[in-house]
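Predicted model and sequence follow; I will ask about them next.
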Amino acid sequence: MNSPRRTSPLQIRRGLAIAATLLGGQLLAATPGPTAATPTPRPEDTEQWQPVPPTVTPGSTETAPPSDAIVLFDGTALGDWVAASDHTPARWPVHDGVFTVDKSLGNIETRREFRNYQLHLEWRVPPGIDGSGQARGNSGIFLASTGPEDQGYEVQILDSWQNSTYVNGQAASVYKQSPPLANATTPPGTWQRYDIVWTAPVFSKEGTLATPAHVTVFHNGVLVQDHFALKGETRYIGAPGYTAHGRAPIKLQSHHDPSAPISFRNIWVRELPD
Ligand code: MG
């Protein structure tokens with residue numbers, strides 16, 4: 001039986017030397033001289049063909065969920081939501097294809113946890129609401145909930161139709177951090193929509209902040225937060241700050257002001273890559 005032919009180290013070195021000589025010659029031959037023209041750039045040089053983005057079928061209306069959305073409320077039940085305090089099934093009342101805050105029951109949050117996502121949510125302040133400032137239609141969406149009360153990152157929900165308050169606390173503000181770029185609020189009794197892109201903060205293994213959270217918000221189609229870098233979790237009192245966390249639920253606020261409770265409908269989310 002013939003043994004496989006072995007290549008000696010000397011042969012390898014010779015081979016490499018020959019290859020280097022040939023390659024060097026090619027490189028020299030290919031190197032343009034001082035008078036040679038620079039190759040003309042081609043359109044193809046800057047075309048990217050892979051990977052091909054997934055196909056997503058848009059919703060049939062402006063607000064209908066696209067084909068890859070996780071629907072968090074479709075008008076029938078709150079099965080995807082739990083009480084933030086004890087994770088028992090959410091009991092805010094569902095009626096007429098919407099659900100309404102029950103201020104006696106506290107905040108609710110999603111069963112699922114998320115990191116980065118696109119979110120659509122619709123909310124309505126009841127017609128004839130009274131109160132003023134922060135005490136008129138106050139709720140909020142916490143883009144990552146880090147505790148049962150108001151821990152996390154709140155985009156404010158409030159009746160900001162002809163209702164002044166501190167601007168970093170009006171509707172579509174990142175609460176106490178960033179006023180909206182415009183007040184796109186419509187009157188009480190109308191349905192309003194938020195479309196939000198949330199990029200969660202990144203923490204090191206040691207728990208220090210590596211990258212802050214960012215948020216982009218459209219309110220009724222108007223850009224109101226433009227890739228805002230959050231200073232930390234939003235706080236009613238004191239400076240914002242970060243505490244390391246991972247995936248987190250999305251939470252809706254039951255605010256304790258005495259005004260009539262607001263309602264929600266049509267909530268869906270599309271998870272985005274880390
Ligand atoms: Mg609020």
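It's in.

Please count neighbours and contacts with C-alpha atoms only from this point.
Fine.

Now do the SS call for the residue nearest to Ala260 when sequence neighbours are not counted.
With Cα to Cα, 6 or more residues apart in numbering as the criterion, Ala260 has its nearest non-adjacent residue at 6.2 Å, and that residue is Ile129. Counting by DSSP: H, G, I helix; E, B strand; the rest coil, the backbone at Ile129 sits in coil.

For the chain, which segments count as helices?
9-30 (DSSP state H).

So which bits of it are right by the ion?
In this structure, the chain approaches the ion at residues 139-140, 156, judged by Cα under 5 Å from the ion.

So what touches stretch 74-88?
72-73, 89-91, 94, 96-99, 105-112, 147-149, 251, 265-267 (Cα atoms under 8 Å, 6 or more residues apart in numbering).

Go again with 10 Å.
64-65, 71-73, 89-99, 105-112, 145-150, 249-253, 264-268 (Cα atoms under 10 Å, 6 or more residues apart in numbering).

Now that stretch: average pLDDT?
Average pLDDT, stretch 74-88: 98.

buried set for that stretch?
75, 77-78, 81-84 (16 or more other Cα atoms under 10 Å).

Then stretch 55-63?
Neighbour count says stretch 55-63 has Thr63 buried, by 16+ other Cα under 10 Å.

Contacts for stretch 266-274, please.
Identification of contacts with stretch 266-274 by Cα under 10 Å, 6+ apart yields 63-75, 97-99, 114-123, 193-200, 202.

Can you show me the CA trace of that stretch as PDB?
This file holds the C-alpha atoms of stretch 266-274, laid out as PDB (Å, rounded to 0.1, in the frame of the first residue of the first chain):
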ATOM      1  CA  ASN A 266     -55.100  48.300  19.100                       C
ATOM      2  CA  ILE A 267     -51.700  47.600  20.700                       C
ATOM      3  CA  TRP A 268     -49.100  45.700  18.800                       C
ATOM      4  CA  VAL A 269     -45.300  45.300  18.900                       C
ATOM      5  CA  ARG A 270     -42.600  44.100  16.500                       C
ATOM      6  CA  GLU A 271     -39.500  42.800  18.100                       C
ATOM      7  CA  LEU A 272     -36.300  44.200  16.600                       C
ATOM      8  CA  PRO A 273     -32.800  42.700  16.600                       C
ATOM      9  CA  ASP A 274     -30.500  43.300  19.600                       C
END
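
most centrally placed residue in this protein?
Trp198 (1.7 Å; Cα atoms, centre = their mean).

For Leu105, see how far away it is.
27 Å (Cα to Cα, to the nearest Å).

Same check on Thr63?
For Thr63 relative to Leu105 (Cα to Cα), the value is 29 Å.

Next: Val197.
For Val197, the distance to Leu105 - Cα to Cα - is 28 Å.

So between those two, which is more surrounded?
Val197 (24 against 14; other Cα atoms under 10 Å).

In a markdown table: the residues of the chain next to the ion, plus pLDDT, distance to Ile237 and neighbour count.
Formatted as a markdown table, the residues of the chain next to the ion follow (pLDDT from 0 to 100; distance: Cα to Cα, whole Å; neighbours: other Cα atoms under 10 Å):
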| residue | pLDDT | distance to Ile237 | neighbour count |
| --- | --- | --- | --- |
| Ser139 | 98 | 17 | 29 |
| Gly140 | 98 | 16 | 24 |
| Gln156 | 98 | 15 | 23 |
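
List buried members of the contacts of stretch 74-88 by neighbour count.
Buried among the contacts of stretch 74-88 by 16+ other Cα under 10 Å: 64-65, 71-73, 89-92, 94, 98-99, 106-111, 145-146, 148, 150, 249-253, 264-268.

residues of stretch 182-198 that come out buried?
So for stretch 182-198, counting by 16+ other Cα under 10 Å, buried means 183-188, 191-198.

Gln253 against Glu154, yeah?
Yes. At 8.9 Å, Gln253 and Glu154 qualify as touching, with contact defined as Cα atoms under 10 Å.
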